[in-house]
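S.K.: Generate coordinates for the sequence data below:
(one chain, ligands or ions: 2)
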Amino acid sequence: MRTIKLYDTYQGKLREFKPIDEKEVDIYYCGPTVYNYVHLGNFRPTVTFDLLTRFLKAEGYDVKCVSNYTDIDDKIIKQAKLENKTEKELSEFYIKAYEDCLDKLNILPLYNHPKASEYITKMADFIKDLEDNGTAYQGGDDIYFSVESDPKYGSLSKQKIDDLVSGARIDVNTNKKNPLDFALWKLTDDDGIKFDTSVGRGRPGWHTECVVMVNNVFKKTLIDIHGGGFDLKFPHHENEIAQSEAHNHTQLANYWMHCGFLLTNGVKMSKSLGNSILAKDVLERHSGNAIRLFFQTTHYRAPVNYTEENLNAMDKLAAKYENSLKRASVTLQLNNIPAGTRIASDYEEYMNALANDLNVANALSVIDREVKEINSLSAKKDGDMSRLADLVATISELYDILGLRFNLPVIGDEERKLLADFNLARENKDYTKSDELRPILMQKGLL
Ligand code: AMP
Ligand code: ZN
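M.R.: Ligands and ions are numbered 1, 2, ... in the order given. Predicted coordinates:
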């Protein structure tokens, strides 16, 4: 297998990727809090980790990619009240809406898609263990994690506890021993969703939800890759690591990967800033292929700017790829050319680019070169058909790794007859007939 390098935020450098088990790769990335329609930025990690999954699978790894739904959260309780629904009704509705988008973006089925609500007992037991080992304590109506119990706290975000404390705004919460301590469990009997557990009645905090889901879904205390957007580095992922260190004496994941932000007018797209462009609306205007290309043509760690013009350009690029593949496919089928084989040198160049921290820009140069050659061979009367077949076989694999999905026409007897009649009508200058056949052929993707 080739050398793969990934940028690890924890160590702050590009590192050679070595999975814990030789053949298996476990990936977890933080998913959405499902209290309304998600914005386009929420899909950047989704597309990035789907690309990573596809690349690693092509390399022969058994990839277990997992992402969660945060369906227990104060924002959900508030929104459910506003919509006069139960928390479950509300979250199920928005999970369904999210999954429609996953489908349109051609995201591979995940190994597991856990909901926080399904792991409450495990979360409470985890917190109980932390209380028992002295790293968690009750203060007022909350159970807190004591950051001072973790000498490595701040390692992921490269911050020292003392600097964080002096930088933190004065915390009016006197129930905390340290202003950086964070809530693991809210003890409450309010009218929001709550559970009776080993640590009392109430509900878990977000930071505990993810670490417990990682442990339980994979049945492991240390996985290969944990990810999300850059905004999650601190405090969310830092706090996940601190709990994992306190409970399991591991840093939870060997590699921490973070995606750059989707921006609008230079500012992070975010629900709280009110500048969200909903993913479901963007998917009405642009194809899943175009949105994938929009994210993937910029390196995953760099910011990317949302504009309709940028997405229109990606629609054009996706159409260029699709048209060239369709035309070549029709040509090959009409000439009864058998399926080609992968061009090893192109494939290697492409995979080596992706192996370098998912450098899609370099990988795309292989695709663009192949598209040019495919178009030129398809246009020739006496083009080398076996080379064309090899190019089509190769580029189809390359597109698949980028998650691009094209519907190619299948040519049977009926289609052959239609095409022959169309060509004959044109030769005979029978424009009434050719005009009649053109829309049928176009509808079948043959023109
Ligand atoms: P949230 O529901 O806000 O917790 O976000 C779910 C996922 O989307 C997390 O991995 C976030 O880091 C990511 N995310 C949120 N906003 C953006 C953005 N503007 N650009 C990229 N990723 C984002
Ligand atoms: Zn998380």
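S.K.: low pLDDT regions in the stretch 151-300 of the chain?
M.R.: Low-confidence segments of the stretch 151-300 of the chain (pLDDT under 70): 167-173.
S.K.: Which stretches in it count as helices?
M.R.: Along the stretch 151-300 of the chain, counting by DSSP state H, counting those that start in this stretch, helices occupy 161-167, 206-218, 238-248, 279-285, 288-296.
S.K.: Which residue ranges make up the domains of the chain?
M.R.: Following automatic domain parsing, one gets these domains for the chain: 5-259, 413-443.
S.K.: What residues of stretch 438-447 count as buried?
M.R.: Neighbour counts using 16 or more other CB atoms under 10 Å place 438, 441, 444, 445, 446, 447 of stretch 438-447 among the buried residues. Placement of C-beta: from N, CA and C, glycine included.
S.K.: Repeat that for stretch 356-373.
M.R.: The neighbour-count check on stretch 356-373 (16+ other CB under 10 Å) flags 356, 357, 358, 360, 363, 364, 366, 367, 370, 371, 373 as buried.
S.K.: number of nearby residues for the closest residue to the fifth one other than its chain neighbours?
M.R.: Of all residues not flanking residue 363 in the chain, residue 353 sits nearest, at 4.0 Å (CB to CB, 6 or more residues apart in numbering). Around residue 353 there are 18 other residues, counting by other CB atoms under 10 Å.
S.K.: What residues does this protein have near ligand 2?
M.R.: 30, 210 (CB under 5 Å from the ion).
S.K.: Can you tell me, leaving aside adjacent residues, what's nearest to the residue in the stretch 101-250 of the chain that ligand 1 sits nearest to?
M.R.: Proximity to ligand 1, evaluated over the stretch 101-250 of the chain using CB to the nearest ligand atom, is greatest for residue 229 at 2.2 Å. Spatial nearest neighbour of residue 229, chain neighbours left out: residue 259 (5.1 Å); criterion: CB to CB, 6+ apart.
S.K.: what residues are up against that neighbour?
M.R.: Residue 259 makes contact with 44, 45, 48, 227, 228, 229, 230, 300, 301, according to CB atoms under 8 Å, 6 or more residues apart in numbering.
S.K.: Closest residue of the stretch 51-200 of the chain to ligand 2?
M.R.: Distances between the stretch 51-200 of the chain and ligand 2 by CB to the ion are smallest at residue 68, namely 6.6 Å.
S.K.: Compute the distance between that residue and residue 432, please.
M.R.: With the distance defined as CB to CB, to the nearest Å, residue 68 ends up 60 Å from residue 432.
S.K.: Quick check, residue 61 in contact with residue 22.
M.R.: No. Assessed by CB atoms under 8 Å, residue 61 is found out of contact with residue 22, at 9.0 Å.
S.K.: Compare neighbour counts for those two and give me the winner.
M.R.: For residue 61 and residue 22, the more surrounded residue by other CB under 10 Å is residue 61, and the numbers stand at 19 against 8.
S.K.: Looking only at neighbour counts, state which of residue 68 and residue 432 leads.
M.R.: Applying other CB under 10 Å to residue 68 and residue 432 shows that residue 68 carries more neighbours, namely 24 against 7.
S.K.: Isn't the more buried one up against residue 209?
M.R.: Yes. With contact defined as CB under 8 Å, residue 68 reaches residue 209; the gap is 7.2 Å.
S.K.: picking up where we left off before, find the helix or strand that the residue nearest to residue 363 is a member of.
M.R.: If you go by DSSP states H and E, residue 353 is part of helix 344-355.
S.K.: quick one: that helix to chain centroid distance?
M.R.: Distance of helix 344-355 from the chain centroid (CA atoms, centre = their mean, to the nearest Å) equals 22 Å.
S.K.: Around ligand 1, which positions in the chain sit nearby?
M.R.: Contact residues (CB under 6 Å from any ligand atom) of the chain with ligand 1: 30, 32-33, 41-42, 44-45, 228-229, 231-232, 259, 261-262, 268-270.
S.K.: average pLDDT across the helix holding residue 353?
M.R.: Mean pLDDT, computed over helix 344-355, is 98.
S.K.: What are the buried residues along that helix?
M.R.: Buried, per 16+ other CB under 10 Å, within helix 344-355: 346, 347, 350, 351, 352, 353, 354, 355.
S.K.: thinking again about what came up before, most tightly surrounded among the domains of the chain?
M.R.: Using mean count of other CB atoms under 10 Å, the stretch among these with the greatest mean number of neighbours is domain 5-259 (a mean of 19).
S.K.: how long is that one from one end to the other?
M.R.: 16 Å (CA to CA, to the nearest Å).
S.K.: next one: stretch 17-33
M.R.: Start-to-end span of stretch 17-33 (CA to CA) is 30 Å.
S.K.: gap between that stretch and the chain center?
M.R.: With CA atoms, centre = their mean as the basis, stretch 17-33 stands 13 Å off its chain's centre.
S.K.: Quick one: mean pLDDT for it?
M.R.: 97.
S.K.: Give me the average confidence score over the lengthiest helix in the chain.
M.R.: Taking DSSP state H as the criterion, the chain has its longest helix at helix 308-334. Here helix 308-334 scores 96 as its mean pLDDT.
S.K.: Check stretch 126-135 too.
M.R.: Computed over stretch 126-135, the mean pLDDT rounds to 98.
S.K.: Quick one: distance of that stretch to the chain centre.
M.R.: Put simply, stretch 126-135 sits 33 Å off its chain's centre (CA atoms, centre = their mean).
S.K.: Adjacent strands (with direction) for whichever strand or helix holds residue 25?
M.R.: Using DSSP H and E, residue 25 falls within strand 24-29. Strand pairing for strand 24-29, using DSSP bridges, gives strand 62-67 (parallel), strand 223-229 (parallel).
S.K.: mean confidence for the shortest one?
M.R.: Right, the one you point to is strand 62-67. Strand 62-67 shows a mean pLDDT of 98.
S.K.: Provide the contact partners of that strand at residue level.
M.R.: With contact meaning CB under 8 Å, 6+ apart, strand 62-67 is reached by 23-31, 46, 49-50, 52-53, 56-57, 108, 110-114, 213-214, 217-218.
S.K.: then the strand holding residue 25 to PDB, C-alphas only?
M.R.: Taking C-alpha atoms only, strand 24-29 is exported to PDB below (Å, rounded to 0.1, in the frame of the first residue of the first chain):
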ATOM      1  CA  GLU A  24      -9.300  -1.400   9.100                       C
ATOM      2  CA  VAL A  25      -9.800   2.300   9.500                       C
ATOM      3  CA  ASP A  26     -12.200   3.800  12.000                       C
ATOM      4  CA  ILE A  27     -13.400   7.300  11.400                       C
ATOM      5  CA  TYR A  28     -15.800   9.400  13.400                       C
ATOM      6  CA  TYR A  29     -16.800  13.000  12.600                       C
END
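S.K.: which other residues reach the next helix or strand after that strand?
M.R.: Scanning forward in sequence from strand 24-29 by DSSP H and E, the next helix or strand is helix 43-58. Residues from elsewhere that reach helix 43-58 (CB under 8 Å, 6+ apart): 4, 25, 27, 29-31, 63, 65, 67, 101-102, 105, 107-108, 225, 227-229, 257, 259-262, 279, 291-292, 295-296, 300, 304, 351, 354-355, 358, 360, 397, 400-403.
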